[in-house]
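Novice: sequence plus the predicted model coming up.
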Amino acid sequence: MNDPGIGTRPRRHWRSVLITGLVLWLASLVITAVTGDTNLVPTVILLGSFLVPVTAVIWYLDHYQSETLTPSMVVRAFVLGGLLGVLAASVLEAWLLAEGALVSLGIGLVEEGAKALALVWIARSLPHYRVRDGVVLGAAVGFGFAAFESSGYAFNALIIQQNGVLLGLSLPNMVYTELVRGVLAPTGHGLWTGILGGVLFSSARGSRLRLSLRVIVTYLVVSILHALWDSMQSIALLVTDLITGSPALHIAAVYGVLPPPTPRQVDVYLACQWGGLLVLSLIGFSMLVLVWRWLSVRQALGRA
């Protein structure tokens with residue numbers, strides 16, 4: 001997504017960051033596994049959780065130059081915006097949400113709202129607001145949120161406990177969590193907040209952000225995408241049961257006796273889960289391209 005106003009070739013800093021970080025993460029992981037030195041576990045967690053989000057932000061900086069945004073502001077959005085978003089989301093989820101069928105939707109609304117508030121706070125002093133600046137700054141906040149959140153998930157995956165009793169540490173579980181979340185990072189928080197940031201900046205008037213109908217609708221859409229993303233395992237299980245279930249299987253489930261899944265059930269489940277995530281990713285990237293190209297052009301023409 002190069003800025004058409006820039007004729008220079010995009011830089012490739014993101015590649016060196018990705019390769020160097022990956023080598024350091026692998027080295028830390030191997031040394032931890034060989035020596036059993038738990039002092040290195042935080043290093044493995046932080047490198048694995050932050051590598052892809054940091055690389056994604058640097059990719060944006062390599063491909064887009066702004067008269068308003070500086071690298072230091074983008075870094076501040078990543079660190080402060082991401083951390084503020086995580087803290088706000090944790091507090092609001094603890095206060096407002098309870099277990100239930102719509103808990104994923106509640107999480108989506110809370111987390112996207114928390115990131116949006118963090119973005120507004122970070123961008124409050126900008127002299128003017130451009131759509132593409134909003135995409136980059138919003139993506140930085142989202143990727144920062146993802147990095148801090150992933151480190152928490154990795155830590156939880158590391159700890160093996162039963163009934164509140166610590167049984168041990170599982171390095172494979174932690175690595176699996178980091179790999180999955182690292183691969184999926186570009187299609188999650190950074191994407192959704194980038195979309196919302198671009199729409200938010202498109203609705204600004206002069207040097208003031210404002211809450212327009214377009215912003216509200218976009219917020220609801222990305223929150224729903226977020227909720228569907230978080231619910232995809234449950235959705236895949238439901239679809240698998242509808243496709244491959246049998247009366248005997250449902251009777252067994254009622255009595256709490258579930259047979260192991262058949263190979264067909266595993267195939268259907270994986271196809272539904274990853275196919276659903278792919279569809280949501282395509283929807284998100286299509287929205288991002290629309291915001292980046294169409295809304296930025298309309299803003300430049302004074303029609304946003």
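Specialist: That came through fine. Numbering: from 1, shown residues only.
Novice: so for stretch 160-177, what gets flagged as buried?
Specialist: Across stretch 160-177, burial judged by 16 or more other Cβ atoms under 10 Å covers 171, 174, 175, 177. Quick note: C-beta positions are derived from backbone N, CA and C, even for glycine.
Novice: wait, doesn't the second one sit right on residue 46?
Specialist: No - distance between residue 174 and residue 46: 11.9 Å, which falls outside the contact criterion (Cβ atoms under 8 Å).
Novice: which non-adjacent residue is nearest residue 59?
Specialist: Excluding its sequence neighbours, the residue lying closest to residue 59 (Cβ to Cβ, 6 or more residues apart in numbering) is residue 14, at 4.2 Å.
Novice: can you tell me which residues contact that neighbour?
Specialist: The neighbours of residue 14, taking Cβ atoms under 8 Å, 6 or more residues apart in numbering as the test, are 55, 56, 58, 59, 62.
Novice: how about residue 223?
Specialist: Residue 223 makes contact with 105, 108, 109, 112, 113 under the criterion Cβ under 8 Å, 6+ apart.
Novice: phi first, then psi, for it.
Specialist: Phi and psi for residue 223, reported as degrees, to the nearest 10, are phi -70, psi -40.
Novice: show the pLDDT at it.
Specialist: Looking at residue 223, its pLDDT stands at 95.
Novice: also residue 108?
Specialist: Predicted confidence (pLDDT) at residue 108: the value is 90.
Novice: give the burial count for it, as a bare number.
Specialist: Residue 108 sits with 24 neighbouring residues when counted by other Cβ atoms under 10 Å.
Novice: that one reaches residue 220, doesn't it?
Specialist: No - contact criterion Cβ under 8 Å: residue 108 and residue 220 do not qualify, at 9.4 Å.
Novice: pLDDT below threshold where in the stretch 1-150 of the chain?
Specialist: Scanning the stretch 1-150 of the chain with the threshold set as pLDDT under 70 gives 1-11, 97-101.
Novice: mind listing the strands for the protein?
Specialist: Using DSSP state E, the strands found in the chain span residues 159-162, 165-169.
Novice: pick out the shakiest of these, pLDDT-wise.
Specialist: Looking at those, the bottom one is strand 165-169 with a mean of 70.
Novice: which one of the contacts of residue 14 is nearest residue 270?
Specialist: residue 56 (25.9 Å; Cβ to Cβ).
Novice: ok, the closest one - contacts?
Specialist: Here residue 56 is in contact with 14, 139, 143, 185, 186, 190 (Cβ under 8 Å, 6+ apart).
Novice: now do residue 179: how many residues are near it, please.
Specialist: Neighbours of residue 179 under the rule other Cβ under 10 Å: 11.
Novice: before we move on, what about residue 294?
Specialist: For residue 294, the neighbour count with other Cβ under 10 Å is 13.
Novice: same check, this time on the one 3 residues further on
Specialist: The burial count assigned to residue 297 is 13, neighbours taken as other Cβ under 10 Å.
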